[in-house]
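Trainee: I'd like to go over a predicted model; first the sequence, then the structure.
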Amino acid sequence: MCRMLAYLGPSVALGRVILAPPHNLIEQARSPRELRYTRVNADGFGFAWFDARGRAALYRHTVPIWADANLEPLARTLHAGLWLAAVRAATGGLPICVSNTQPFARDGWAFLHNGFIRDFATGVRPILHCHLAPEIQAGIDGNTDSEYLFALFRDLERRMPEDTAPERLRRMVALLEDWCGDRACMLGLIVSDGRRIHALRHGLNEPGPSMYYCEHHPALGGRLVASEPLEDEGWWKPLPEGCVMTMNREGPLEFLPLQD
């Protein structure tokens, strides 16, 4: 499992989002408050942003977030109006390597997943191998359930390009309900095309992972969604389980229930 966050708003330095708040990503890596299955997130970290041409860019490292000497100058000098970031606690048996470190980015999307699929390698991954188009499978570099979920999201875009991203996430959950059977599946998902953020909190045979949102952050001037609030303040609200939330830069937040 992981701790993750996403920011959408005025262009700000990376450090103001992931390092400056009291309960920042370093604190969430060392002392997470709502992580159910591990005590620290020390198996790597990463962040994503989009350049002026709308292309996703990544920085990922396998060391703990507090141990990377490059982070401070990057956090001080990199500016963007959208950030995705995560600290990782590797699922048992999965290698600690860059290809397994989030965020993932491909085909115009950046993606984060907090959670797990129980017995993924033996139970669900074989089904996905039969389901995913060859060109989608060819873009999978690692072996985590998270990257395969990202591949499924992109495969659904290929199959049903008329669907919106929230509708695609809802279709993903319906497929996983069928494929997982009685296996536990925790789904905290964040996906972005560089213009908006979509967040899903759900659980199958297990409560969904913690996730909160902030509609307007008084210090940053933007909107955020995160595994844990960055401050102990009233502007953070729990994301309802069983729905997809969409954040645009302006206007009301949108909520799509997973079931009609």
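Mentor: Nice, I can see it.
Trainee: contacts only, for the nearest residue to residue 19 once chain neighbours are set aside.
Mentor: Counting by CB to CB, 6 or more residues apart in numbering, residue 19 lies nearest to residue 75, which is 5.4 Å off, once chain neighbours are set aside. Where C-beta positions appear, they are placed from N, C-alpha and C, glycine not excepted. Applying CB atoms under 8 Å, 6 or more residues apart in numbering to residue 75 gives the contacts 13, 14, 15, 18, 19.
Trainee: just the element for residue 75, please.
Mentor: Applying DSSP states H and E as the criterion places residue 75 in helix 71-77.
Trainee: for the next helix or strand after that helix, which strands pair with it and how are they oriented?
Mentor: Remark: after helix 71-77, the chain's next helix or strand is strand 79-88, criterion DSSP H and E. Based on DSSP bridges, the pairing partners of strand 79-88 within the sheet are strand 2-13 (antiparallel), strand 45-50 (antiparallel).
Trainee: residue 171 reaches residue 164, doesn't it?
Mentor: No - with contact defined as CB atoms under 8 Å, residue 171 does not reach residue 164; the gap is 10.7 Å.
Trainee: thinking again about what came up before, and residue 89, which of the strands paired with strand 79-88 is closest to it?
Mentor: Residue 89 lies closest to strand 2-13 among those, at 6.2 Å (CB to CB).
Trainee: let's see the helix or strand just after the closest one as PDB, backbone CA atoms only.
Mentor: Tracing the chain past strand 2-13, the next element assigned as helix or strand by DSSP H and E is helix 14-18. Only the C-alpha atoms of helix 14-18 are listed here, as PDB (Å, rounded to 0.1, in the frame of the first residue of the first chain):
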ATOM      1  CA  LEU A  14       6.500  21.000  -5.900                       C
ATOM      2  CA  GLY A  15       7.800  21.400  -2.400                       C
ATOM      3  CA  ARG A  16       4.800  23.500  -1.300                       C
ATOM      4  CA  VAL A  17       2.500  20.600  -2.100                       C
ATOM      5  CA  ILE A  18       4.500  17.500  -0.900                       C
END
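Trainee: can you list contacts of helix 14-18?
Mentor: Applying CB under 8 Å, 6+ apart, the external contacts of helix 14-18 come out as 5, 7, 24-25, 47, 49, 72, 74-76, 78-80, 83, 85, 219-220, 224.
Trainee: now with 10 Å, please.
Mentor: Applying CB atoms under 10 Å, 6 or more residues apart in numbering, the set of residues contacting helix 14-18 from outside is 5-7, 9, 20, 24-26, 28, 45, 47, 49, 59, 65, 71-80, 82-87, 217, 219-220, 222, 224, 226, 230.
Trainee: so where do the helices sit in the stretch 151-260 of the chain?
Mentor: Assigned by DSSP state H, counting those that start in this stretch, the stretch 151-260 of the chain shows helices spanning 165-180.
Trainee: all strands of it, in order?
Mentor: Secondary structure of the stretch 151-260 of the chain (DSSP state E, counting those that start in this stretch): strands located at 185-192, 197-204, 212-214, 223-226, 237-238, 243-247, 254-257.
Trainee: likewise for the stretch 1-150 of the chain?
Mentor: The residue ranges that make up the strands of the stretch 1-150 of the chain, judged by DSSP E, counting those that start in this stretch, are 2-13, 45-50, 56-61, 79-88, 104-106, 109-117.
Trainee: let me have those in CSV, adding mean neighbour count and mean pLDDT as columns.
Mentor: Shown next, in CSV, are the strands of the stretch 1-150 of the chain (neighbours: other CB atoms under 10 Å; pLDDT from 0 to 100):
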stretch, mean neighbour count, mean pLDDT
strand 2-13, 22, 97
strand 45-50, 26, 98
strand 56-61, 18, 98
strand 79-88, 24, 98
strand 104-106, 23, 98
strand 109-117, 25, 97
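Trainee: how about the contacts of residue 75 in TSV, adding distance to residue 35?
Mentor: Conversion of the contacts of residue 75 to TSV gives the following (distance: CB to CB, whole Å):
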residue	distance to residue 35
13	27
14	23
15	23
18	17
19	19
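Trainee: that'll do, ta.
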